[in-house]
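>>> Got a sequence here, can you build the structure:
(chains A and B)
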Amino acid sequence: MMVIILLAFAGLGVRLYVISRDNQDNYQKKILSQQRYDSKTLPFKRGTITDANGTILAASEKVYNVILDCRVMLSDEKSKEPTLAALSECFGLERSALNAYVEANPAAQYYVLKKRLTYEEIEPFLTRKAEQNEAAAKDKEKKTGTINGVWFEEEYIRRYPNNALACDVIGFTGTDNNGTYGLEEYYNDVLNGTNGREYGFLNDDVTLERTTVAAVDGNSLVTTIDANIQAMCEKYLKQFNDEHKDEAREGLGFYDAGVIVMNPNNGAVLAMASYPNFDLNNPRDISEYYSEEEIAQMQENETYFDTLNTLWRNFCISDTYEPGSTAKALTLAAGLESGRIVGNESYDCGGALDIADRHIQCNVRSGHGTLTVSQALEQSCNVAFMKMGEAIGAANMLKFNNIFNIGLRTNIDLAGEARTAALVFNENTLKETELATSSFGQGYNVTMIEMAAAFSSVINGGYYYEPHVVSKIVNSNGDTVKNIEPRVLKQTVSETTSAQMRRYLYMAVAEGTGKSARPAGYAIGGKTGTAEKVPRDHKHYVVSFIGFAPVDDPEIVIYCVINEPNVAAQDHAYYATGIVKNILTELLPYLHISRTEEMTITEQEEADNLLQNLVPPEPEAENPDAENPEGENPGEGTPGEGTPEPPEGENPDAAQQPGTTTGAPLNIVDPVTGELINVVTGEPAEPVHGVEPLPSEQGESNP
Amino acid sequence: MAKRPREVRYGKHNMDYVLLTVVLFLVCFGLLMIYSTSSYVASADYNDPAFYLKKQAVSTVLGFVALFFVSRIPYRVWQRFDYLALIVSAVLVLLLLTPLGVTRNGATRWIDLKIGLTLQPAEVAKLGIIVYLASVIERLEELGKNILRTPKGLAIILVPPTIIAGMIYLISDNLSSAIIVMGIAVAMLFVAVPDYKWFIIIGVVGIALVAAVVLYASGADATSSFRLARVKAWLEPEAYSTDRAFQTLQALYAIGSGGIWGKGLGMSMQKRGFLPEAQNDMIFSIICEELGLFGAMMIILLFVVLIWSCMVIANKTADRFGALLVVGVMAHYAIQVILNIAVVTNSIPNTGITLPFISYGGSSVLFLLSEIGIVLNVSKNCK
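Numbering: from 1, shown residues only, chains lettered A, B, ... in the order given. I've put the predicted structure just below:
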């Protein structure tokens, strides 16, 4: 008997030894692999991007994935029925499908039922769970099952409440928190925070302890962009596109078009629009521009992503082109500043000039006759400017190109700014002919932001500000982390030159080629541009207008470029000035800049028509204001006009920045607000919006 | 009977302290391991890491009180209760069919004593069978040396345990207890009738039967029967790793991962929700994991010492009844330890057998200690 027992024990001992000898490593791995390390990532919230008024341009929203843990649910058989019932009723899931899954996978612990629900969507379930579990706790006989085994995984998704608004400036971000293009890319690290983690571990007493390392949310950006101005610019670009679609060729109203509105006194970009645009919430959707067959074809020959990249690029900073006559403003400023042009010169234009071996024609073949400096700019006379270029000389020309930062990046805080260093002249390439053509803006390439920044310095008293889009970085509590102050990089021209340039540019609009850019009732300065593209076959043009308003104390610089308008004859700056005029007609009143000029009856009607169209149909109270311009008294106490003094620098203007002006409004403002509501998806969008509460004040203060 | 000369001097002899020491050590070690294995699950389920420990400690204290009293009761008294023990066992098992029966994990194996305690009738039955058989065998032997070998004698000895075992199996669906009851009966018979030829024949037939069942099971469809599926799971545990063989496989992982010296007391990973009933049937695998092969061998050695002491006591005991009582108890321990370790190491199909003194289980420890009390009383009266 004892022998049998001892034999049995010996046998089992050997068995133990064999198990342990043969499988130790293998089983240790198995054990480690089935451990569920009880820790989860707490996602950070990526920072918000708002415009200057607090309108949200981009924000991350917490969403929930519904996860079913069958094993936990089935650990108490009574839980199955109420849990599945609640799931199917609260989330609209097929009950039979749920049952089938649970039957088939009773041990499954991570079954994603629904993805990316908002809190509102999961709230009914949470309420129901609380009620059911309370009832179960009260049930003495333990017959009532609890709702168990369902948990919610948190995640953030990026939402752009204004869809396509300022798409190129903002850029977009997927769930990976990696920004693409624009601010999202440039400020990626600022916007991103640090993930937190919740650890569960067993302490020495083998009880479960939890430690939470909270997530650090990303910082938010306050931009200088004004959503209202941005919307105006985009609206008129789109309007142009709609008018000229399929006109001379199949396709959009132009290849590309961009508008930049800047504050010349601090380099803040108020709006930067381009077309075609795209919906930031759905950046891969190009069905607006291409048919399904075309998309399929693109995917086939692998041009699909090129097309997308082209769409996503910010035309205003990434694309280069020859500036054309708008550069004459820079040439003239260089001449004045270098002293090679005094202002009393006169030029004879015979319609063309022979430089070296080339016969270069003026824009008017028959010639302009004798022109003063001012008239040369007004008429945009190439011959006169070639002569000026000759007077300035190659060395000075290059020096001033450098001073105006032409060929250098502006270092605007947006991703994807193009380098133009190789696209401008240097001392080796700037020969006689090149000097002549570059004096009227042909032969070298610029980006829009380069031109806008250089032009701003010409008219603001000579201060070159680094253009920027973000004004402030705030942390998740709303505390300011960093104020981005305007940066003056250099003095490009003297204040005297600048004042003189403002006068010349005013004349160029008042009397010259830029007439069509002038909004009724306002005195603005500016210069048109009609640049011939390569190949120079007189067919393909980049038309543009760069201007500022008001003349005496510039508050904004506006620059509009249209790459090959879809019209029969492209060489008319009218296409650009028309857009500028429309924008300014709406923009200047929005900025509370009063009308200073007389208006003809036609102009009056035109302006009324434009502005009246903006009045949203619903708010009746606003109509008196919108109709009011009849008896309008434009310049009550406007300081300008009579004393066109050059501004004293940036200080006095700082107070007038459009973003900060929330004082007594003009009658135009609330149509604009109404406009914004249309652009913003739905009304509930932004309670923080600065302009919305205005209409009530208006009726009393204004008429 | 009274005529028979008695050289037994009641209470004049010391108890077997080696046995008592080993039992004390095993019980304390058992409590330690129960805390180690169950604290995680207990804190998760009951928010009290010592939940199982406390319950077991109560049973253990009761068990030692029982041990103390039983060791004071002259063991010959038990002979008066031989038929009664059988009847009580049978009645208690039948009580499972009444509303007093308590069902846990799908099996009705407990009766509610209505004082906050439950009792497993199978444990009572084991003791009952030991007392009954010891008494009956002695009486039959007194009638004549060879009566035991007659069919009638065999029937008197084997039929009641078979009936009890059958009842336990059928009513409480507890195959392991039924096997133990039968095992005790066969072991006691073996000691009483040391007729090796018979037992070798029985052994060979048994092995052949097992082999046949295994062969049949390995070819059969596992879905047809619960027990067949268990056999299948035993043969190929990896193939049933998520359901039937889950517990077995997890136990093997625990044993294998412990190595020679183990992960250290309290360091088991398998007890954290992976190994079901870790504090119960599977406690030996956690011992292997935490204390390694070395610890496991030490525990086996302790059981060998325990059983050896029982054998020594049985050999020294003057009268047949006492010796048979000790043999029955010894057989009970030995069968249970061997089967438990065999299950844990997947040497036999999984059936719920606890490890004596160490596994969690109130009735079990109460009756095991009571049996020790009987053995100790017998040891006092040795030659």
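>>> can you pull out the helices in the stretch 1-150 of chain A?
Ranges of helices within the stretch 1-150 of chain A are A:2-34, A:70-74, A:77-91, A:95-104, A:119-138, based on DSSP state H, counting those that start in this stretch.
>>> How about the secondary structure of B:Ala212?
Following DSSP: H, G, I helix; E, B strand; the rest coil, B:Ala212 is assigned to helix.
>>> Equivalent analysis for A:Val481, please.
strand.
>>> center of chain A - which residue?
A:Val169 (2.3 Å; CA atoms, centre = their mean).
>>> quick one: the residue lying closest to A:Glu247 once chain neighbours are set aside from B:Pro356, how far?
Nearest residue to A:Glu247 in three dimensions, chain neighbours excluded: A:Asn566, at 4.8 Å (CB to CB, 6 or more residues apart in numbering or on different chains). Heads up, the C-betas are built off the backbone N, CA and C, glycines and all. Counting by CB to CB, to the nearest Å, the gap from A:Asn566 to B:Pro356 is 95 Å.
>>> So which of the two has more stuff around it?
More crowded of A:Asn566 and B:Pro356, by other CB atoms under 10 Å in any protein chain shown: B:Pro356, with 27 against 22.
>>> so what's the closest residue to B:Val41 other than its chain neighbours up against?
Spatial nearest neighbour of B:Val41, excluding adjacent residues (CB to CB, 6+ apart): B:Gly273 at 6.6 Å. By CB atoms under 8 Å, 6 or more residues apart in numbering or on different chains, the contact list for B:Gly273 reads B:Tyr40, B:Val41, B:Ala44.
>>> Surely the first one touches B:Arg272?
So the one you mean is B:Tyr40. Yes: judged on CB atoms under 8 Å, B:Tyr40 makes contact with B:Arg272 at a distance of 4.8 Å.
>>> The residue nearest to the centre of chain A belongs to a helix, doesn't it?
Yes: assessed by three-state DSSP, A:Val169 belongs to a helix.
>>> Now residue 267: closest residue in space, sequence neighbours ignored.
Here I'm looking at chain A. A:Tyr465 (3.0 Å).
>>> Can you look at chain B instead?
Closest to B:Met267 by CB to CB, 6+ apart is B:Glu290, at 5.9 Å.
>>> And whichever strand or helix holds the one you found, what does it pack against?
Secondary structure assignment for B:Glu290, by DSSP states H and E: helix B:283-316. In terms of contacts (3 or more CB pairs under 8 Å, 6 or more residues apart in numbering or on different chains; DSSP states H and E), helix B:283-316 is packed against helix A:2-34, helix B:17-46, helix B:246-258, helix B:320-344, helix B:362-380.
>>> re the thing from before, and chain B, which of the helices of the stretch 1-150 of chain A is closest to it?
helix A:2-34 (3.3 Å; CB to the nearest CB).
>>> measure the closest residue to B:Leu325 other than its chain neighbours to B:Ile157 for me?
Closest residue in space to B:Leu325, ignoring its immediate chain neighbours: B:Ala134 at 4.5 Å, by CB to CB, 6+ apart. Computed as CB to CB, the B:Ala134 to B:Ile157 distance reads 11 Å.
>>> Comparing these two, which residue is more hemmed in?
B:Ala134 (28 against 22).
>>> The more buried one reaches B:Leu189, doesn't it?
No: the pair B:Ala134 / B:Leu189 is not scored as a contact, 11.4 Å apart, by CB under 8 Å.
>>> And the helices in the stretch 351-500 of chain A?
A:373-379, A:382-392, A:394-403, A:432-439, A:448-459, A:495-510.
>>> is it possible to export those helices to CSV including mean pLDDT and mean neighbour count?
Listed next are the helices of the stretch 351-500 of chain A as CSV, based on pLDDT from 0 to 100; neighbours: other CB atoms under 10 Å in any protein chain shown:
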stretch, mean pLDDT, mean neighbour count
helix A:373-379, 92, 23
helix A:382-392, 92, 24
helix A:394-403, 92, 19
helix A:432-439, 90, 21
helix A:448-459, 94, 27
helix A:495-510, 93, 22
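>>> Out of these, the one nearest A:Leu165 is which?
helix A:448-459 (18.7 Å; CB to CB).
>>> starting at the chain centroid, how far to that closest one?
Centroid separation between helix A:448-459 and its chain, computed with CA atoms, centre = their mean, to the nearest Å, is 19 Å.
>>> Equivalent analysis for stretch A:102-112, please.
With CA atoms, centre = their mean, you get 45 Å for stretch A:102-112.
>>> ok, it near chain B or not?
Yes: contact of stretch A:102-112 with chain B (CB under 8 Å from any CB of the partner chain) involves A:Ala107.
>>> Tell me what B:Gly101 is bridged to.
Beta bridges link B:Gly101 to B:Ile111 when assigned by DSSP bridges.
>>> Could I get the contacting residues of it?
Counted by CB under 8 Å, 6+ apart, B:Gly101 has contacts B:Leu95, B:Thr108, B:Trp110, B:Ile111, B:Asp112.
>>> what helix or strand is the residue nearest to B:Leu325 on?
Residue-wise, B:Ala134 maps onto helix B:121-143 under DSSP H and E.
>>> next helix or strand past that helix?
Per DSSP H and E, the helix or strand that comes after helix B:121-143 is helix B:151-172.
>>> what's the angle from that following helix to helix B:121-143?
180 degrees (axes from the mean of the first three to the mean of the last three CA atoms, to 10 degrees).
>>> now for helix B:151-172, which elements pack on it?
Using 3+ CB pairs under 8 Å, 6+ apart, helix B:151-172 sits against helix B:82-95, strand B:107-112, helix B:121-143, helix B:175-192.
>>> tell me what the second one is packed against?
Under the contact criterion of 3+ CB pairs under 8 Å, 6+ apart, the helices and strands touching strand B:107-112 comprise strand B:101-104, strand B:118-119, helix B:121-143, helix B:151-172.
>>> Recalculate using a threshold of 7 Å.
Applying 3 or more CB pairs under 7 Å, 6 or more residues apart in numbering or on different chains; DSSP states H and E, one finds that strand B:107-112 makes contact with strand B:101-104, strand B:118-119, helix B:151-172.
>>> now the ones you listed as CSV including mean pLDDT?
Below are these laid out as CSV (pLDDT from 0 to 100):
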stretch, mean pLDDT
strand B:101-104, 79
strand B:118-119, 82
helix B:151-172, 87
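>>> Could you list the residues of the stretch 151-300 of chain B in contact with chain A?
B:187, B:190-191, B:242, B:252-253, B:255-259, B:266, B:269-270, B:274, B:288, B:293, B:296-297, B:300 (CB under 7 Å from any CB of the partner chain).
>>> Using PyMOL, make a named selection holding only the buried ones among these.
A single PyMOL command selects the buried members of these (16 or more other CB atoms under 10 Å in any protein chain shown):
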select buried, chain B and resi 187+190+191+252+253+255+256+257+258+259+266+269+270+274+288+293+296+297+300
